[in-house]
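Peer 1: Okay, sequence plus prediction incoming.
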Amino acid sequence: MKRLNKFLAESGIASRRGADKLILENKVLINGKVAKLGDKVSDRDRVVVNSQEINRVEEKEYFAVYKPVGYVSTANDEWGRAKVTDLVKSKNRLYPVGRLDKNSEGLMILTNDGELTLRLTHPRYHLEKEYEVETDRKIDVKKINTGQNKIIWRDGNKMKIIMYEGKKRQIRNMCWEAGLRVKKLKRVRMGRLMLGEMKVGEVRRLGQKEIKELR
């Protein structure tokens, strides 16, 4: 027997937290009955999520992607916009780890490993993320309230910043409050995983060593 949220995470449906949310929203059925938090399932049970039967544990896949500007960082988009998941050809349903806003570019991880996704996105793990930023005018680092984050390099209107915590559009808002407008924002590192020489829109599978380091 296995806890339902773990089964859904291992099946690539969502992280454990995401699976709990689906269960609370009554979107998960076990043998035709609405599932509850804490339920367990065996190999004989029929599990359905949003009318789709989940009957196998998918092979885990891990990709590094150079997200272009203009793509959204979601697996689904009601407006029909280009999605970062469109860049990867896979038989499995992949999910982006973390987010980059539509006007930003750079390194993203796509995977169907819900456990790893939770580890990389949960605040308690403090995954470092490094960004290159270009603004519309010379940067005065003393005017930028970085909080727990850190500017490690600055030259004129360009800087590099390491983010230990990240809220939605945090770098852009940080710069806005300092009287700066972000012209270019690129993520170049997540933990030890580097963007390196990848080209815009390029995709590559992660090696076992890289996956181990992310864990």
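Peer 2: It's in.

Peer 1: Name the residues of the helix or strand bottoming out on mean pLDDT in the chain that come out as buried.
Peer 2: Scoring the helices and strands of the chain by mean pLDDT, DSSP states H and E places helix 114-121 at the bottom, with a mean of 84. Under the neighbour-count criterion of 16 or more other C-beta atoms under 10 Å, helix 114-121 has 114, 116-121 buried. Yep, even glycine has a C-beta here, placed from its N, CA and C like the rest.

Peer 1: and stretch 68-88, average pLDDT?
Peer 2: For stretch 68-88, mean pLDDT rounds to 93.

Peer 1: ok, Arg181 - contacts?
Peer 2: By C-beta atoms under 8 Å, 6 or more residues apart in numbering, the contact set of Arg181 is 135-137, 175.

Peer 1: related to what we said a few turns ago, export the buried residues of helix 114-121 to CSV and tack on distance to Gly80?
Peer 2: Shown next, in CSV, are the buried residues of helix 114-121 (distance: C-beta to C-beta, whole Å):
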residue, distance to Gly80
Gly114, 26
Leu116, 29
Thr117, 25
Leu118, 29
Arg119, 32
Leu120, 28
Thr121, 26
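
Peer 1: how about the nearest residue to the spatially most central residue of the chain, chain neighbours excluded?
Peer 2: Geometric centre of the chain, nearest residue: Val97, 1.7 Å, by C-alpha atoms, centre = their mean. Residue nearest to Val97 in three dimensions, not counting chain neighbours: Ile109, with 4.0 Å by C-beta to C-beta, 6 or more residues apart in numbering.

Peer 1: what's the spacing between that neighbour and Asn145?
Peer 2: Going from Ile109 to Asn145 by C-beta to C-beta, to the nearest Å gives 28 Å.

Peer 1: And the two? Which one has more around it.
Peer 2: Neighbours per residue (other C-beta atoms under 10 Å) separate Ile109 from Asn145, with Ile109 holding more: 24 against 10.

Peer 1: In contact with the more buried one, which residues?
Peer 2: So, once contact is read as C-beta under 8 Å, 6+ apart, Ile109 ends up touching 62-65, 96-98, 120, 190, 193, 206, 214.

Peer 1: Wasn't it part of a strand?
Peer 2: Yes. Counting by DSSP: H, G, I helix; E, B strand; the rest coil, Ile109 is part of a strand.

Peer 1: So what sits opposite it in the bridge?
Peer 2: Ile109 has the following beta-bridge partners by DSSP bridges: Ala64, Val97.

Peer 1: Surely Glu115 touches Leu8?
Peer 2: No. If you go by C-beta atoms under 8 Å, Glu115 and Leu8 don't touch, sitting 10.9 Å apart.

Peer 1: From Glu202, how far off is the spatially closest residue to Thr121 that is not a sequence neighbour?
Peer 2: If the residues on either side of it in the chain are set aside, Thr121 comes closest to Gly98, at 5.8 Å by C-beta to C-beta, 6+ apart. Here Gly98 is placed at a distance of 18 Å from Glu202 (C-beta to C-beta).
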